[in-house]
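Enquirer: A predicted structure for the sequence below; I have some questions about it.
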Amino acid sequence: MARKRVAVLISGRGSNMVALIEAAKQQSYPAEISLVISNEPEATGLVHAQSAGIATAAVDHRPFGKDRAAFERALHILLDDRKIEIVCLAGFMRLLTSWLVEQWSARMLNIHPALLPAFKGLDTHARAIAAGAKQHGATVHFVVPEMDSGPIVAQGAVPVLAADTEAALAARVLAVEHKIYPLALKLVAEGRVQIRDGQCVIDGIIRPNGVAPDFQ
Ligand code: GAR
């Protein structure tokens, strides 16, 4: 079966993007990373993508000012031109309007550094520590108009340790992110994930919390 053409949207260092690129180096992986787009022209992730031989584009949001619709049309045209089939948001720090989300309905994934539905939004690690959470982690989910919501494809948990700093916890979670994003994209690209009543059905089984990192 043809490999799915994937675009990864980033804003910064792009370590999740690198994890996806690494996974896609295997010929048996069902997706290829065809394009990396950043809204930050100076994002270090763009350099990593270029050195991996992947096409990149910078679509700076600033010249669009408050016109989010025009910024998103520019993104959408690029994705369409390159015949992208699945979009992966990976540390892409712009909120998307429901227009773009609906163009990519059931074809756009996001990774969030928390065990959704807990800790939506920013500063998730500091908030998990402050709340005394015993467990924390990361989630890959389909993007829906409501922020950090949407059917969950994969989730990986880590313990929160008594001595944890925000940086220590972030590093533990990031290691999990790098496992669950390639896993989630694989499942979606293989057509093994359906959405029913706002939840993922994976290999025919309803999985409200998605699958765990060691799922095959
Ligand atoms: C990751 O931890 C990702 O989960 C988070 O940004 C980081 C990007 O790192 N995303 C969000 O917070 C989205 N709201 P990376 O650029 O090294 O992949």
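Expert: Structure received.

Enquirer: who does the longest helix along the chain touch, helix- and strand-wise?
Expert: Ranked by number of residues, the top helix in the chain under DSSP state H is helix 166-189. For helix 166-189, the elements it packs on are strand 4-10, helix 15-24, strand 31-38, strand 86-89, strand 108-112, helix 124-130, strand 135-142, strand 152-159, judged by 3 or more Cβ pairs under 8 Å, 6 or more residues apart in numbering; DSSP states H and E. Where C-beta positions appear, they are placed from N, C-alpha and C, glycine not excepted.

Enquirer: how about it, does it reach the ligand?
Expert: Yes: using Cβ under 6 Å from any ligand atom, helix 166-189 reaches the ligand at 174, 177.

Enquirer: list the buried residues in that helix.
Expert: 169-170, 172-174, 176-189 (16 or more other Cβ atoms under 10 Å).

Enquirer: let me see the contact set for E166.
Expert: Counting by Cβ atoms under 8 Å, 6 or more residues apart in numbering, E166 makes contact with 125-126, 129.

Enquirer: what does the pLDDT read for it?
Expert: Listed pLDDT for E166 reads 98.

Enquirer: from G53, how far out is it?
Expert: 35 Å (Cβ to Cβ, to the nearest Å).

Enquirer: burial count for I195?
Expert: By the criterion of other Cβ atoms under 10 Å, I195 has 15 neighbours.

Enquirer: spatially nearest residue to it (excluding sequence neighbours)?
Expert: Excluding the flanking residues, the one nearest I195 by Cβ to Cβ, 6 or more residues apart in numbering is P151, at 5.0 Å.

Enquirer: element containing whatever residue of the chain ends up closest to the ligand, please.
Expert: When scored by Cβ to the nearest ligand atom, the chain has G91 as its residue closest to the ligand, at 2.6 Å. For G91, there is no host helix or strand (DSSP states H and E).

Enquirer: my read: it touches S11, true?
Expert: Yes: counting by Cβ atoms under 8 Å, S11 is a contact partner of G91 at 5.7 Å.

Enquirer: between these two, which has more neighbouring residues?
Expert: Applying other Cβ under 10 Å to G91 and S11 shows that G91 carries more neighbours, namely 21 against 18.

Enquirer: and that one, how far is that from D203?
Expert: For G91 relative to D203 (Cβ to Cβ), the value is 29 Å.

Enquirer: buried set for stretch 205-216?
Expert: So for stretch 205-216, counting by 16+ other Cβ under 10 Å, buried means 207, 210-213.

Enquirer: picking up where we left off before, next, format the helices and strands packed on helix 166-189 as TSV and append mean neighbour count and distance to F64.
Expert: Shown next, in TSV, are the helices and strands packed on helix 166-189 (neighbours: other Cβ atoms under 10 Å; distance: least, Cβ to Cβ, whole Å):
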stretch	mean neighbour count	distance to F64
strand 4-10	25	15
helix 15-24	21	23
strand 31-38	23	14
strand 86-89	24	18
strand 108-112	24	20
helix 124-130	19	28
strand 135-142	25	26
strand 152-159	22	30
